[in-house]
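1. Have a look; sequence and predicted model below, questions after that.
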Amino acid sequence: MDLNLDVLKREIVEYLEAGGFAVFHSSPGGLEGMPMVLWDVEHQPDYRTFLEVARKTGTVLIVVAARQFESGELDELLEQLESCDISREEQRDYERRLKKMYDFDGVTCALELAFDLNSRFYVFEAQTDWYDEFVSIEDEIISHLHEDDEDDGHDESLGGFFSKN
């Protein structure tokens with residue numbers, strides 16, 4: 001069963017406000033490049049446990065960010081798929097899987113809670129299964145594009161004397 005992160009986000013914000021936390025609404029990806037420690041969501045999926053840790057450390061400010069899925073991401077990926085050197089069967093399989101995802105346009109696909117402690121962000125991340133699948137497909141398609149770039153017939157070595165390895 002897949003998470004409904006729109007409902008979970010509302011539940012979390014209500015929980016935070018009722019618990020006396022200050023909520024800082026951030027943009028998705030706002031913590032990129034910052035030193036982070038990720039919460040083990042797989043084994044400890046309850047956000048309340050994460051927030052109890054924040055409370056015990058004296059934290060009152062929680063950063064909340066949610067990412068909405070946009071169909072433009074699908075359009076772009078389907079366009080890149082046309083440039084891939086893969087079999088027609090593989091291409092149709094990717095297209096079929098991606099086109100199903102248009103139903104998720106505007107739906108929250110990723111949710112992030114974080115708090116700062118000693119210049120390090122402690123982060124709780126949740127993503128939907130379908131978004132995990134999208135990211136996986138995106139990685140696969142991009143890997144086929146990079147193979148195309150490497151196999152474009154141009155030898156970038158110096159007269160065959162130097163290996164690319």
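-> Right, received. Where do you want to start? Residues are numbered from 1 along each chain as shown.

2. sec struct for the residue positioned nearest the centre of the chain, please.
-> In the chain, the residue lying closest to the centroid (Cα atoms, centre = their mean) is residue 110, at 6.3 Å. On the three-state scheme (DSSP: H, G, I helix; E, B strand; the rest coil), residue 110 is labelled strand.

3. That one - nearest residue in space that isn't next to it in sequence?
-> Leaving out its chain neighbours, the residue that sits closest to residue 110 by Cβ to Cβ, 6 or more residues apart in numbering is residue 67, at 4.2 Å. Yep, even glycine has a C-beta here, placed from its N, CA and C like the rest.

4. Give me the neighbour count for the one you found.
-> Look at residue 67: counted by other Cβ atoms under 10 Å, it has 16 neighbours.

5. Tell me the pLDDT of it.
-> Listed pLDDT for residue 67 reads 95.

6. what lines up beside the helix or strand hosting it in the sheet?
-> Using DSSP states H and E, residue 67 maps to strand 61-68. Its sheet considered, strand 61-68 pairs with strand 22-26 (parallel), strand 108-117 (antiparallel) by DSSP bridges.

7. Show me the shaky parts of this protein.
-> 1-2, 146-165 (pLDDT under 70).

8. Which stretches in it count as helices?
-> In the chain, the segments counted as helices under DSSP state H are 5-18, 47-56, 71-81, 88-99, 129-150.

9. Of those helices, give the one that comes closest to residue 25.
-> helix 5-18 (8.6 Å; Cβ to Cβ).

10. Sort out which residues of the closest one are buried, please.
-> By 16 or more other Cβ atoms under 10 Å, the buried positions in helix 5-18 come out as 5, 9, 12, 13, 16.

11. export that helix as PDB, just CAs?
-> C-alpha atoms of helix 5-18 as PDB (Å, rounded to 0.1, in the frame of the first residue of the first chain):
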ATOM      1  CA  LEU A   5       1.600  12.100   1.700                       C
ATOM      2  CA  ASP A   6      -1.000  14.900   1.300                       C
ATOM      3  CA  VAL A   7      -2.900  13.400   4.300                       C
ATOM      4  CA  LEU A   8       0.300  12.700   6.200                       C
ATOM      5  CA  LYS A   9       1.600  16.200   5.700                       C
ATOM      6  CA  ARG A  10      -1.600  17.700   7.200                       C
ATOM      7  CA  GLU A  11      -1.500  15.200  10.100                       C
ATOM      8  CA  ILE A  12       2.200  16.100  10.800                       C
ATOM      9  CA  VAL A  13       1.600  19.900  10.700                       C
ATOM     10  CA  GLU A  14      -1.300  19.500  13.100                       C
ATOM     11  CA  TYR A  15       0.800  17.300  15.400                       C
ATOM     12  CA  LEU A  16       3.600  19.800  15.400                       C
ATOM     13  CA  GLU A  17       1.400  22.800  16.200                       C
ATOM     14  CA  ALA A  18      -0.400  20.900  18.900                       C
END
